[in-house]
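Q: Take this sequence and fold it.
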Amino acid sequence: MKKLTITSLIVLTAALTLLACKKEIIQENIYLNETILQTLETYERDGRYPYSWTNDYDGVSQDLNYQSCTIANAKSDSSHSTFCCGITLEVYFKSIMSTLNESENLNGIKAKDFDKFIRKWFVLEANGDGPGLALKAYGLGKSIDKMKDVLPGDFVQIWRTNGSGHSVIFIEWLTNDDSDTTGMKYWSTQTSTHGVNYNNEYFKDFGGKIDKNVTHYSRAFKPKYFIKK
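A: Below you'll find the model as predicted:
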């Protein structure tokens, strides 16, 4: 058996490194995160998308239409009002539909299926997941078990120690001088920011109310990586 020369070893090492890099790039490219971050930046953060938690609409700033049907209704007063799970749904829907042709459907989902999809997204039970359950149920995404794996553009269903919840899009972790992860910066709609905006919130161990034990993270797939049901 011939021995590998130093030159051959260098070439082989370089090839393996390139292969590993390509695999990492391919893995990153299966997700919708970048498009989601681009979509949320299209919303002005000056109060023109005010927060309003009422039951006369679906929390979206505009009607969402799919296959010639309205699947989520905006307020009839044209105020562009929003509430949290509605605006995260809207950002997801606009992001994913921007990557599809008009003739394509969303992983086989029919307009009538969106009632179930939205109910899951809006959370079925206290301390439960919302976006993660909806995305997984239709092969559109996955749950993320470890906080260290969470990326900008992931969806988060927050639950607080006072029992309240919040649907948000993750931006970055907040840390202190000791490098402890104290909370997160996210994008959503809330009264404290007069509607759509970025916001910082902290975990209960660091003076905040977020309960890590019942907060859920999820990530959406790009269309060609949908898992067919």
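Q: can you map out the strands along this structure?
A: 64-66, 69-72, 141-144, 155-159, 165-175, 181-190, 195-202, 216-220 (DSSP state E).
Q: looking at the ones you listed, which is buried most?
A: For these, average neighbour numbers computed from mean count of other Cβ atoms under 10 Å are highest in strand 155-159, which has a mean of 25. All C-beta spots, glycine's among them, are computed from the backbone N, C-alpha and C.
Q: just to revisit the earlier point, in CSV, list the strands of the chain along with distance to Asp56.
A: Formatted as CSV, those follow (distance: least, Cβ to Cβ, whole Å):
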stretch, distance to Asp56
strand 64-66, 16
strand 69-72, 13
strand 141-144, 29
strand 155-159, 23
strand 165-175, 19
strand 181-190, 16
strand 195-202, 17
strand 216-220, 28
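Q: can you list the weak-confidence ranges in this structure?
A: 1-28, 229 (pLDDT under 70).
Q: hang on, the earlier thing: Tyr43 is nearest to which of the strands of the chain?
A: strand 195-202 (4.9 Å; Cβ to Cβ).
Q: For that closest one, what is the distance to the chain centroid?
A: Relative to its parent chain, strand 195-202 has a centroid offset of 15 Å by Cα atoms, centre = their mean, to the nearest Å.
Q: In this structure Gly139 contacts Ala220, no?
A: No - Gly139 lies out of contact with Ala220 (Cβ atoms under 8 Å); the separation is 11.0 Å.
Q: the helices in this protein, which residues?
A: 6-28, 33-40, 84-97, 114-121, 131-137 (DSSP state H).
Q: for the shortest one, packing partners?
A: In this structure, helix 131-137 packs against helix 84-97, helix 114-121, strand 141-144, strand 155-159, strand 216-220, with contacts taken as 3 or more Cβ pairs under 8 Å, 6 or more residues apart in numbering; DSSP states H and E.
Q: And the third one, by the same measure?
A: Judged by 3+ Cβ pairs under 8 Å, 6+ apart, the packing partners of helix 84-97 are helix 33-40, strand 64-66, strand 69-72, helix 114-121, helix 131-137, strand 165-175, strand 181-190, strand 216-220.
Q: who's in contact with that helix?
A: Contact with helix 84-97 is made by 32, 35-36, 38-40, 49, 57-62, 64, 66, 72, 82, 106, 118, 121-123, 130-131, 140, 155, 166-169, 188-190, 196, 220, 223, as judged by Cβ atoms under 8 Å, 6 or more residues apart in numbering.
Q: Now the most centrally placed residue in the chain: closest residue in space that isn't a chain neighbour?
A: With distances taken as Cα atoms, centre = their mean, Phe155 lies nearest the centre of the chain, 2.8 Å away. Distance criterion Cβ to Cβ, 6 or more residues apart in numbering; nearest residue to Phe155, sequence neighbours excluded, is Pro131 at 3.8 Å.
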